[in-house]
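Q: coords below, sequence missing:
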């Protein structure tokens, strides 16, 4: 109580003009005079039904409306609004409308265009239970192997920083190449789940392979066979696998 308008403005982080206007509103109408009157500017030219149609159209993605990729921009949203409702909007006005609808600028996650949701669902509900049941009946391990490649350059991402101060991340200017990673998850009822992996760094030399070789995959499988003392491919049950490096000599 008794604080000046400048002190109030600094405390709640608003301009002195706003604090002064709110003071005179309070003097004229009491606490009721400080009730929010809603967002400023012109009212939205789209009614609730049109906004619902726009929301559904936006969720289908830009490619469904003839754009080159799946990223919405203010200009694209404005073009869609004019195409659907014959209402002209600037890119800035379209972004304000998107904010009002609960949308925000985000870093999109990547997903393979070849992804088949029906095949994935069938695999989870039908194929995978059959594999698990057969492995349990035979006392076998279930192994799932996959390979991926990653670029060794620093990733581009968003970060928080003070307004007006662009963050700078020091990176090397040398060509660092890429890396291939092959991993295998192995599970068996009553046993701890195991993870085996193998990496190959590609140095961009002319004679350097740019992916995992068959020898790398074979070494990955062989390493897991050694880990669980399982027969190696091509060996009979009576033969012993190669001795592990950490085992005691006979």
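A: Received the coordinates, thanks. On a predicted model such as this, the values are computed, not experimentally measured, just so you know.
Q: Kindly provide the distance from the most centrally placed residue in the chain to residue 70.
A: The residue lying closest to the centre of the chain (C-alpha atoms, centre = their mean) is residue 109, at 3.4 Å. When distance is defined by C-beta to C-beta, to the nearest Å, residue 109 is 11 Å away from residue 70. C-beta: built from backbone N, CA, C; applies to glycine.
Q: Make sure residue 55 is actually in contact with residue 101.
A: Yes: between residue 55 and residue 101 there is a contact under C-beta atoms under 8 Å: 6.3 Å.
Q: for the protein, what are the low-confidence residue spans?
A: 1, 38-41, 152-165, 167, 169-177, 204, 231-250 (pLDDT under 70).
Q: Do you have the helices of it handy? List them.
A: Using DSSP state H, the helices of the chain run over residues 5-12, 16-29, 48-59, 74-85, 91-100, 117-122, 128-138, 214-228.
Q: Pull the residues that contact the fifth one.
A: Residues outside helix 91-100 that contact it (C-beta atoms under 8 Å, 6 or more residues apart in numbering): 39, 41, 44, 46, 58, 72-75, 77-78, 81, 89, 104.
Q: Looking at these, spot the one nearest residue 206.
A: Of all the contacts of helix 91-100, residue 206 sits closest to residue 73, with 41.1 Å by C-beta to C-beta.
Q: OK, contacts around that closest one?
A: Counted by C-beta under 8 Å, 6+ apart, residue 73 has contacts residue 91.
Q: that older thread, what subset of the contacts of helix 91-100 is buried?
A: Listed as buried from the contacts of helix 91-100 are 44, 46, 58, 72, 74, 77-78, 81, 89; burial here means 16 or more other C-beta atoms under 10 Å.
Q: Among the helices of the chain, which comes closest to residue 188?
A: helix 128-138 (7.0 Å).
Q: Would you pull up how far the closest one lies from the middle of the chain?
A: 32 Å (C-alpha atoms, centre = their mean, to the nearest Å).
Q: For it, buried residues please.
A: For helix 128-138, burial by neighbour count (16+ other C-beta under 10 Å) applies to residue 135.
Q: which strands and helices sit next to it?
A: Secondary-structure packing of helix 128-138 (3 or more C-beta pairs under 8 Å, 6 or more residues apart in numbering; DSSP states H and E): strand 142-151.
Q: Just the residues contacting the strand it packs on, thanks.
A: Residues outside strand 142-151 that contact it (C-beta under 8 Å, 6+ apart) are 131-132, 135, 178-188, 211-212, 217, 220-221, 224.
Q: That strand: partners in the sheet, and parallel or antiparallel?
A: strand 178-187 (antiparallel) (DSSP bridges).
Q: List the buried residues in the strand it pairs with.
A: 178, 180, 182, 184, 186.
Q: who's in contact with the first one?
A: Residue 178 sits next to 149-152, 202, 210 when contact means C-beta under 8 Å, 6+ apart.
Q: Run a quick neighbour tally on the closest residue to residue 82 other than its chain neighbours.
A: Distances taken as C-beta to C-beta, 6 or more residues apart in numbering put residue 88 closest to residue 82, at 5.6 Å, once the chain neighbours are dropped. Number of residues near residue 88 (other C-beta atoms under 10 Å) recorded here: 10.
Q: what are the phi and psi angles of residue 88?
A: phi -80, psi 140 (degrees, to the nearest 10).
Q: Alright, that wraps it up for me.
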